[in-house]
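Novice: coords below, sequence missing:
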Ligand SMILES: [Zn+2]
Ligand SMILES: [Zn+2]
């Protein structure tokens, strides 16, 4: 049986995949600077005799062709970048690049896809069609490596029928995976607001235009966009995490700066919310005698797991792990640049359980103590290989 062959191969390479993951973890690189990581991926593909091309600066696109007749194509994606975080774990594979850490598990995704490649390479006689291995740069920063991969043709010649991706999730115990069909992750836009007034002595408010009070009204009023304008059936989040009013007890400042994030799951509403927020903030500032400069930096679009494909992938996960180990996920309001693939192709993105409460492996991604239960690497490699072959129709 194919599934048993894959499981055996995944066990055989497990130690090697752990070593690869530890190597990548110890040598993290920031987004768009994955030079050594890219070199490492190319070396590993060369060792497997898998042809590849370079793409999107540090990206790598490997190709595996099955030996049976088929012209179907599928793409598998891993991201390679790390985060500007000082690692706090005391482990043998701790980051040797201080201040940079694989705190989002992209070392896991990259080593797993190398493992998947090794498995698929050994099973070429069992399937037909083309598998594209997409090692992309810069998931963590705008404009997102995925958008460059697409721009530079990763999804053309040949065009894949589906793109599959996986991401670590410490909330799910190792041994399990999670998936959701349909809309899954949010679009995310950055908001940069500067409210301008006229500063002066705190004892003479009538001589000044107080941007602090304008800010207070603006923050409160903007929440009406979510509570009164958003369709209650479409999730929306508006959060402001930075407000700078650099006056004093007796000094009214000239301006106040507000930074925030707007997230949702509908492109039309996203566009209309941008216009509404801007208009509201500008009108309030104007009504109070000041002015407002409202900049929006568009982030990733929302991520949608194509229904039919995801139903098939879900079944693949169940075949491989058993129904009890496949969790149905809720909507997750974080953003992920895999969303770009999902906007232009059938795509499905599932979560790899990497937590282990008993062993204290519970820290969330993007924290200095994030780590994984490495037993999950046995699943990540084989499961992706199995899903790829199944989606090719074998
Ligand atoms: Zn991340
Ligand atoms: Zn990530």
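Specialist: Nice, I can see it. Note that the structure is a prediction, hence the values are computed from the model and not measured. Ligands and ions are numbered 1, 2, ... in the order given.
Novice: quick one: the residue nearest to residue 168 when sequence neighbours are not counted from residue 333, how far?
Specialist: Distance criterion CB to CB, 6 or more residues apart in numbering; nearest residue to residue 168, sequence neighbours excluded, is residue 105 at 3.3 Å. Yep, even glycine has a C-beta here, placed from its N, CA and C like the rest. To residue 333, residue 105 is 19 Å away according to CB to CB, to the nearest Å.
Novice: neighbour count winner among the two?
Specialist: Comparing residue 105 with residue 333 by other CB atoms under 10 Å, the one with more neighbours is residue 105, at 26 against 18.
Novice: I'd like the average pLDDT over the lengthiest helix in the chain.
Specialist: Longest helix in the chain, counting residues (DSSP state H): helix 2-26. For helix 2-26, mean pLDDT is 98.
Novice: now stretch 229-241
Specialist: 96.
Novice: Stretch 166-181 now?
Specialist: The average pLDDT within stretch 166-181 is 98.
Novice: same thing with stretch 298-312?
Specialist: Taken as a whole, stretch 298-312 carries a mean pLDDT of 98.
Novice: repeat for stretch 213-225
Specialist: Mean predicted lDDT for stretch 213-225 stands at 97.
Novice: rewinding a little: so how far is residue 352 from the residue nearest to residue 168?
Specialist: Remark: distance between residue 105 and residue 352 (CB to CB) = 8 Å.
Novice: where do the contact lists of those two overlap?
Specialist: Any residue near both residue 105 and residue 352 by CB atoms under 8 Å, 6 or more residues apart in numbering counts here, and that gives 167, 168.
Novice: how many neighbours does residue 203 have?
Specialist: Residue 203 has 8 neighbouring residues, counting by other CB under 10 Å.
Novice: roughly how far apart are it and residue 22?
Specialist: 63 Å.
Novice: and if you look at residue 164?
Specialist: With CB to CB as the criterion, residue 164 and residue 22 are 25 Å apart.
Novice: Equivalent analysis for residue 322, please.
Specialist: The gap separating residue 322 from residue 22 is 29 Å, by CB to CB.
Novice: Those two: who's more crowded?
Specialist: residue 22 (17 against 11).
Novice: didn't the more buried one look like it was pressed against residue 92?
Specialist: Yes - with contact defined as CB atoms under 8 Å, residue 22 reaches residue 92; the gap is 7.5 Å.
Novice: Nearest residue to the middle of this structure?
Specialist: Among the residues of the chain, the one closest to the centroid is residue 336, at 2.9 Å (CA atoms, centre = their mean).
Novice: can you map out the helices along the stretch 51-200 of the chain?
Specialist: 106-122, 145-151 (DSSP state H, counting those that start in this stretch).
Novice: mind listing what's buried in the last one?
Specialist: The neighbour-count check on helix 145-151 (16 or more other CB atoms under 10 Å) flags 145, 146, 147, 148, 149, 150 as buried.
Novice: those helices in the stretch 251-394 of the chain, which residues are they?
Specialist: Taking DSSP H, counting those that start in this stretch as the test, the helices found in the stretch 251-394 of the chain are 267-287, 307-321, 338-344, 376-391.
Novice: what about those, which gets the closest to residue 154?
Specialist: Closest to residue 154 of these is helix 338-344 (CB to CB; 8.7 Å).
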